[in-house]
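Novice: Below is the structure, and that's it, no one-letter string:
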């Protein structure tokens with residue numbers, strides 16, 4: 001299906017005559033040192049001339065250190081599609097070489113925005129430094145996978161705005177950031193992930209509003225200034241090893257850590273079973289000190305075998321084996337997403353964390369006590385804890401203060417409605433359908449959403465039997481997704497839908 005779609009699209013685009021690439025010569029006042037050629041691949045549907053002002057700003061920012069030439073390809077239909085558009089990208093590289101006289105791969109860079117970033121990534125990885133040996137930058141995009149980033153053929157910058165609603169959203173890139181700082185802790189410039197505050201995806205193609213994107217929270221000149229400064233700092237760091245650039249990149253890394261550290265902590269709780277362990281301790285109540293818990297995570301449990309929890313009394317303690325399944329975590333890295341002008345939201349956060357747990361009454365019975373009531377609405381209480389984990393000042397998983405201030409603002413971004421508020425509903429008993437009843441989460445525009453007003457209601461599916469008290473729980477990491485992006489989904493460019501209720 002994917003291949004067929006790409007082939008049909010390729011055939012259609014083949015009918016359109018390709019135009020010449022744009023080549024920007026260096027500024028008259030630019031240094032004669034460090035001649036460099038940058039090939040910049042446009043985003044989907046964005047005419048290549050839109051990037052000329054930004055590229056000229058980049059040339060100006062680097063003029064004292066780098067003599068920068070820029071070549072911007074024109075792809076048929078304004079869609080620079082991975083692999084399909086490689087000839088047009090090479091044509092821009094060739095045009096830049098002819099105009100500049102730069103043929104040394106070590107002095108040749110490539111960058112791209114959005115879909116163009118996917119094409120630039122594909123080109124650089126397959127090229128393996130043969131033609132592009134200086135470095136790379138992916139704006140509102142990212143390397144295909146984390147392992148691919150760690151083995152990148154050249155230094156590569158992943159540059160994203162904190163309001164980027166698409167496939168390069170912060171909650172997806174947390175794993176990239178974590179891997180990058182672990183691999184090169186003393187050199188954050190080798191494979192950095194840089195977050196720019198109050199910047200959106202469309203700021204990187206100023207004057208062109210990408211459909212589905214959130215509006216910016218900065219004036220246009222401020223946003224483009226942030227983008228150009230970060231790109232120039234990275235290029236200067238690699239090309240000149242300039243002390244000012246090094247300090248700038250270190251500061252960018254520190255600031256990015258404010259976003260990525262709590263996200264990484266929240267994501268870890270979903271991967272290691274930590275959230276279900278906390279939920280079971282809450283359900284155990286006064287008996288929490290008498291339980292010993294181990295959790296097995298079943299990533300595809302809802303669609304396959306997802307075993308019931310077990311509990312046995314050993315040495316005066318109730319040993320509980322929990323069963324967890326995280327539903328809905330996904331990432332838009334495939335060709336189906338890449339071949340669209342605007343890739344769909346890329347998520348690594350689960351829609352819901354399914355926890356099959358032991359009732360309080362059963363724990364008490366194993367400990368020799370009878371007629372102990374079960375917890376009332378425990379899923380609701382645990383969902384509230386997930387919310388608190390991202391908003392409480394004392395927790396490592398707390399979202400950055402700027403994100404919380406934006407969420408509580410009457411004007412969170414340019415022309416945006418206030419963030420959707422959350423209401424925690426009582427648990428919804430679904431009985432034997434529990435394992436097939438994760439949250440229906442479409443606040444983020446993943447699917448068409450019915451109109452609602454005012455609040456986003458979180459209601460957990462649950463089941464209660466003599467041996468099981470289980471919950472489909474709000475993911476702590478998905479709370480970050482909501483606070484950073486999804487609370488404003490009704491305000492996206494070209495959006496005529498509001499948020500939906502979790503059922």
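Specialist: Received it, and whenever you're ready, just let me know what you need. Treat the numbers as computed from the prediction; the structure is a model and nothing was measured. Numbers count the residues shown, from 1 in each chain.
Novice: Helix or strand: which one has residue 210?
Specialist: If you go by DSSP states H and E, residue 210 is not part of any helix or strand.
Novice: So the residue nearest to residue 366 when sequence neighbours are not counted, which state does it fall into?
Specialist: In this structure, residue 366 finds its nearest non-sequential neighbour in residue 313, 4.6 Å apart by CB to CB, 6 or more residues apart in numbering. Placement of C-beta: from N, CA and C, glycine included. At residue 313 the chain is in strand, as set by DSSP: H, G, I helix; E, B strand; the rest coil.
Novice: Tell me how many other residues crowd the residue lying closest to residue 33 once chain neighbours are set aside.
Specialist: Take residue 33 and drop its neighbours on the chain: the residue closest to it by CB to CB, 6+ apart is residue 67, 6.6 Å away. By other CB atoms under 10 Å, 21 other residues sit near residue 67.
Novice: Quick check: residue 67 touching residue 37?
Specialist: No: at 9.9 Å, residue 67 and residue 37 do not qualify as touching, with contact defined as CB atoms under 8 Å.
Novice: What residues sit buried inside the longest strand anywhere in the chain?
Specialist: Taking DSSP state E as the criterion, the chain has its longest strand at strand 317-327. For strand 317-327, a neighbour-count test (16 or more other CB atoms under 10 Å) marks 318, 320-327 as buried.
Novice: Same question for stretch 419-428.
Specialist: Of the residues in stretch 419-428, 419-420, 422, 424-425, 427 count as buried by neighbour count, 16+ other CB under 10 Å.
Novice: I'd like to know the average pLDDT value across it.
Specialist: Mean pLDDT, stretch 419-428: 92.
Novice: biggest helix in the protein, by residue count?
Specialist: helix 243-271 (DSSP state H).
Novice: just checking, next helix/strand downstream of that helix?
Specialist: helix 274-284.
Novice: same question for that following helix, mean pLDDT?
Specialist: Across helix 274-284, pLDDT averages out at 95.
Novice: what do you get for stretch 35-49?
Specialist: 96.
Novice: how far is that stretch from where the chain is centred?
Specialist: 23 Å (CA atoms, centre = their mean, to the nearest Å).
Novice: Domain parsing of this structure, as residue ranges.
Specialist: As given by automatic domain parsing, the domain ranges for the chain are 14-268, 272-491.
Novice: show me where the chain has helices.
Specialist: Using DSSP H, helices in the chain cover 2-14, 52-62, 86-100, 115-127, 146-150, 170-183, 220-240, 243-271, 274-284, 335-338, 360-366, 378-391, 401-407, 476-484.
Novice: Buried residues, the second one. List them.
Specialist: By that I understand helix 52-62. 54-55, 57-59, 61-62.
Novice: Over to the fourth one?
Specialist: Neighbour counts using 16+ other CB under 10 Å place 115-125, 127 of helix 115-127 among the buried residues.
Novice: which two from these end up farthest apart in space?
Specialist: The span of the buried residues of helix 115-127, defined through CB to CB, is set by 115 and 127 at 18.3 Å.
Novice: ok, now which ones touch the nearest residue to residue 83 once chain neighbours are set aside?
Specialist: Spatial nearest neighbour of residue 83, excluding adjacent residues (CB to CB, 6+ apart): residue 122 at 6.0 Å. By CB atoms under 8 Å, 6 or more residues apart in numbering, residue 122 lies in contact with 82-83, 86, 144.
Novice: cool, and residue 163?
Specialist: By CB under 8 Å, 6+ apart, residue 163 lies in contact with 198-201, 214-217, 413, 484-485.
Novice: With neighbour count, pLDDT and distance to residue 299 as new columns, can those residues be given to me in JSON lines?
Specialist: Shown next, in JSON lines, are the contacts of residue 163 (neighbours: other CB atoms under 10 Å; pLDDT from 0 to 100; distance: CB to CB, whole Å):
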{"residue": "198", "neighbour count": "20", "pLDDT": "96", "distance to residue 299": "35"}
{"residue": "199", "neighbour count": "25", "pLDDT": "97", "distance to residue 299": "33"}
{"residue": "200", "neighbour count": "28", "pLDDT": "95", "distance to residue 299": "32"}
{"residue": "201", "neighbour count": "29", "pLDDT": "95", "distance to residue 299": "29"}
{"residue": "214", "neighbour count": "28", "pLDDT": "91", "distance to residue 299": "30"}
{"residue": "215", "neighbour count": "20", "pLDDT": "94", "distance to residue 299": "35"}
{"residue": "216", "neighbour count": "24", "pLDDT": "95", "distance to residue 299": "36"}
{"residue": "217", "neighbour count": "23", "pLDDT": "96", "distance to residue 299": "35"}
{"residue": "413", "neighbour count": "19", "pLDDT": "95", "distance to residue 299": "34"}
{"residue": "484", "neighbour count": "26", "pLDDT": "93", "distance to residue 299": "24"}
{"residue": "485", "neighbour count": "26", "pLDDT": "90", "distance to residue 299": "24"}
